[in-house]
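Student: Following is a predicted model, sequence given first.
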Amino acid sequence: MKKAVVLLLVALLAAGACAAPKKAVKKMDTKKISIKSPAFKNMEYLPVKFTADGAGVNPALVFENIPSNAKCLVLIMDDPDTHYGTFTHWLIFNLPLKTKSIKENSAPAGAVMGMNNGGVLKYVPPSPPAGKPHRYIFKLYALDKMLDLKEGADKEMVMKAMQGHVISQTSLTGLYKR
């Protein structure tokens, strides 16, 4: 009886192997969206040039592997290490998909500037108190829709509008201390 069951199973498996091939499965894009900078590597110190102790300009950033179904990008630079909570240094949304990089000391054309915690629509350079290093996290999000927000929207408004629309995200962290 056992031998008959084994033979039946072998016959069924062999028949399955000879069956018509299944429909081809679409390849999924396994590359993850990324953000890099030619000025520093992840978890390394920011050059002084990009801080309040230097020229105070934004570092150059490079975006790679943007999902093909994305409609726009959002960039947020935060310092989570302040004594009063997270400080948003830079907020840019609705970056066009053609934006593959941001040049040093510039904002990308066609993007919308959000209000940072410094109360301005531009990059606010790191200026931590003396002591332990602070982390400056550049977060890049790919969204499946453009955000229906006007220039000057703050981080809370942007994050609320992004809910349910983030299709990929990544970050790059720079350190700085005095």
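Tutor: Structure received.
Student: For the nearest residue to D53 once chain neighbours are set aside, give me its contacts.
Tutor: Leaving out its chain neighbours, the residue that sits closest to D53 by CB to CB, 6 or more residues apart in numbering is R178, at 7.1 Å. No exception for glycine: its C-beta is placed from N, CA and C like everyone else's. By CB atoms under 8 Å, 6 or more residues apart in numbering, the contact set of R178 is 53, 128-131.
Student: R178 and Y45: what is the separation?
Tutor: Distance of R178 to Y45, computed by CB to CB, to the nearest Å: 12 Å.
Student: thought M43 was touching T173?
Tutor: Yes: between M43 and T173 a contact is recorded at 5.5 Å, counting by CB atoms under 8 Å.
Student: the strands in this protein, which residues?
Tutor: Under the criterion DSSP state E, strands of the chain are mapped to 34-36, 44-45, 61-64, 72-79, 87-95, 101-102, 112-113, 134-143, 166-176.
Student: Which strand residues bridge F87?
Tutor: In this entry, F87 is beta-bridged to D79, by DSSP bridges.
Student: which residues of this protein score low on pLDDT?
Tutor: Applying pLDDT under 70 to the chain flags residues 1-31.
Student: what's the most distant pair in the contacts of R178?
Tutor: Using CB to CB, the two most remote members of the contacts of R178 are D53 and G131, lying 14.5 Å apart.
Student: Go ahead and build a ChimeraX selection from the buried members of the contacts of R178.
Tutor: Those of the contacts of R178 that count as buried under 16 or more other CB atoms under 10 Å are selected in ChimeraX with:
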select :128
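Student: So which residue is dead centre in this protein?
Tutor: The C-alpha lying nearest the average C-alpha coordinate of the chain belongs to L140 (CA atoms, centre = their mean; 2.2 Å).
Student: Please look at that one and M77 and confirm they touch.
Tutor: No: taking contacts as CB under 8 Å, L140 lies outside contact range of M77: 10.1 Å.
Student: roughly how far apart are the residue nearest to Y123 when sequence neighbours are not counted and K160?
Tutor: Computed as CB to CB, 6+ apart, the closest residue to Y123 that is not its neighbour in sequence is N58, at 4.1 Å. N58 sits 25 Å away from K160, taking CB to CB as the criterion.
Student: Quick one: the helices in this structure, in order.
Tutor: 2-17, 155-162 (DSSP state H).
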